[in-house]
Every structure is written in structure tokens, then in C-alpha cells.
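Novice: Let me see the structure of the following:
(one chain, ligands or ions: 1)
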Amino acid sequence: MKKFILFAIALTATMALSAETKVIAHRGFHTTEGSARNSMVALQKAQQIGIYGSECDVNLTKDGVIVVAHGGSHPDKMVKCDNRITIQKSTLEQCQSILLENGEKMPTLDEYLAQTKKDPKTKLIIEIKSHTTPQKETEIVEGTINKVKEYGLENQVEYIAFRPFVCQELKRLAPEGTPIAYLNGDYDPTYVKGMGLSGIDYKFNVLKKKPKWIKQAQKKGLTVNVWTVNNDEDIIWCIEQGVDYITTDYPTRVQELIKQYQK
Ligand code: MG
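Specialist: Below is the predicted model:
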């Protein structure tokens, strides 16, 4: 009997460790025709390819609207532009007056959640960006959680953040059991577990240097997500390490490699 129990435990552990790596589209599936980072189309395209989730970033405008946009500035630094604005210092109207690369206007969180609701199979991973004061950070965390509740999406939304205070506020205000992962890469899995969070979501180079953190985190029941993994060699490394999620700008390529390399 004892032997059987030990065998069952070993089998369960092996199964847990060999669970398939899942794909998250970084800022939506934006590297495809007609799409752009953090656009409505990027979310819709991500929903069409059968991946685990679509990531987006949220910021609070000067007039208190939660918008889906990456950086402090709009357009973000990768886009050539002479009249860049700072999102958190601008109104919604100002933010939407500069169009995204695919011609869309900057989406609001409301629009994003309405679209998320249309496809229950695809999770929305919301990154709450750092803001200038703790008050602003509490405001956007609270506002986001309330909106998610309003749309009945509590089981379809997960959160990530760089700033420990934002993670702490998410933990305090989101329903018990909501996935919250820490992005900044400077804390070991034991510390992140101690913060009461559900996972680490670290930059590829951090985990490449500290691959032990992957299994250490998983043994503690934390999920392991890696960003932003775009070339084949790095993607294959992540799959072979058994990470839980790969966040990428090329989600269909990662899907192909998972089929090929997952043991
Ligand atoms: Mg992000």
C-alpha cells in the first residue's frame, strides 16, 4: 500500500511537471496583417488562434479612464512620431486623437473586456502599469478589478505587474484565488510565494541565468511565465525547461514549436 501511494505521488508529480507549455500573445497577436500592439484587432486575432491568453497593458488617463496602452508615452517608443504624448498626463480625448499604427483609436478597458467576454476560451492577461503615486496605482487596480467584476470576467482575467505595491494591491482587492504574477525578475520564488502571489513572470534573460528558479517556483505551486520570447532557440529552451507559459510576439510560431518539442 505504502509503495502504491509513493508511486501515485511520483506519477502525479511527473504529470504536473510535464504539463504542456501554453502560449500568451504579448500585447495581443500584433504581428499579423492589420494588427497593432494593444489594439482591438490584436485581441480578436489572438482569440482566433486557440492560445491560452492575450496580454495587454493598462494605464489611467488624466481624466480617470482606464485605457489599453503600453508605455508612459503614446505612441510607444517603437513607433516614429513627432507629437508623442504622456498617457497618464493626457485626457482620453487626447490619447485617442493619435491613432494606432493600424488606424484604430486607443481602446478603453471597457472595450477590451466586452471583446474578451465574446470568447470564453481565451484569457485576458492584464498588466497594470506603474503610475506616479501609490494613490494612482490603487485607483487603477481598484478600477480594473471593478470593471472585470462588472463584466463577470473574474475567472477569465489574470494580472501581472512590475511594481510590488501594485501586486500587493491586486492581492488585497481581487477575489481570492485570482492569478497574480510578478514581473520584475529581482525576487526569488520563495519571496514571491511569501508575497502571496500565484506566479513569476520573468524576462527570458533572468531565467536563462537562473534556470533553477523554474523548478523551485513550480515546486512551491507558483506558475512560471517567460517574456518576451521570440526566437526559435530561446522558445525551444523554454519548452525544454517546462515553463508553464511563454509570452511572445509570435504566438503561432510558439504553438508550432510546442507541438514539435514538447515531451
Ligand atoms: Mg505588458
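Novice: quick one: secondary structure of the residue of the stretch 1-150 of the chain found nearest the ion?
Specialist: Here the stretch 1-150 of the chain gets closest to the ion at one residue, E127, 3.8 Å apart by Cβ to the ion. C-beta coordinates here come from the backbone N, C-alpha and C atoms, glycine included. Assigned with DSSP: H, G, I helix; E, B strand; the rest coil, E127 falls in the strand class.
Novice: Does it touch D57 like I think?
Specialist: Yes: using Cβ atoms under 8 Å, E127 makes contact with D57 at a distance of 4.7 Å.
Novice: When the two are compared, which one has more neighbours?
Specialist: E127 (25 against 21; other Cβ atoms under 10 Å).
Novice: Contact partners for that one?
Specialist: Counting by Cβ atoms under 8 Å, 6 or more residues apart in numbering, E127 touches 55-58, 159-161, 183.
Novice: was I right about A174 contacting I180?
Specialist: Yes: the pair formed by A174 and I180 meets the contact definition of Cβ under 8 Å, at 6.8 Å.
Novice: ok, those two, which is more surrounded?
Specialist: More crowded of A174 and I180, by other Cβ under 10 Å: I180, with 24 against 21.
Novice: and that one, how far is that from H30?
Specialist: 24 Å (Cβ to Cβ, to the nearest Å).
Novice: What of I24?
Specialist: For I24 relative to H30 (Cβ to Cβ), the value is 13 Å.
Novice: who has more neighbours, the two?
Specialist: I24 (26 against 23).
Novice: all strands of the stretch 101-250 of the chain, in order?
Specialist: With DSSP state E, counting those that start in this stretch, the ranges of strands along the stretch 101-250 of the chain come out as 123-128, 157-161, 180-182, 199-203, 223-227, 245-248.
Novice: Just name the most buried of those strands.
Specialist: strand 245-248 (a mean of 28; mean count of other Cβ atoms under 10 Å).
Novice: Could you check whatever helix or strand comes next after that strand and say which residues are buried?
Specialist: Toward the C-terminal end, the helix or strand that comes next after strand 245-248 (DSSP states H and E) is helix 251-261. The neighbour-count criterion (16 or more other Cβ atoms under 10 Å) identifies 251-255, 257-258 as the buried residues of helix 251-261.
Novice: what's the average pLDDT for helix 251-261?
Specialist: Helix 251-261 carries an average pLDDT of 97.
Novice: cool, stretch 53-69 as well?
Specialist: So the average pLDDT for stretch 53-69 ends up being 97.
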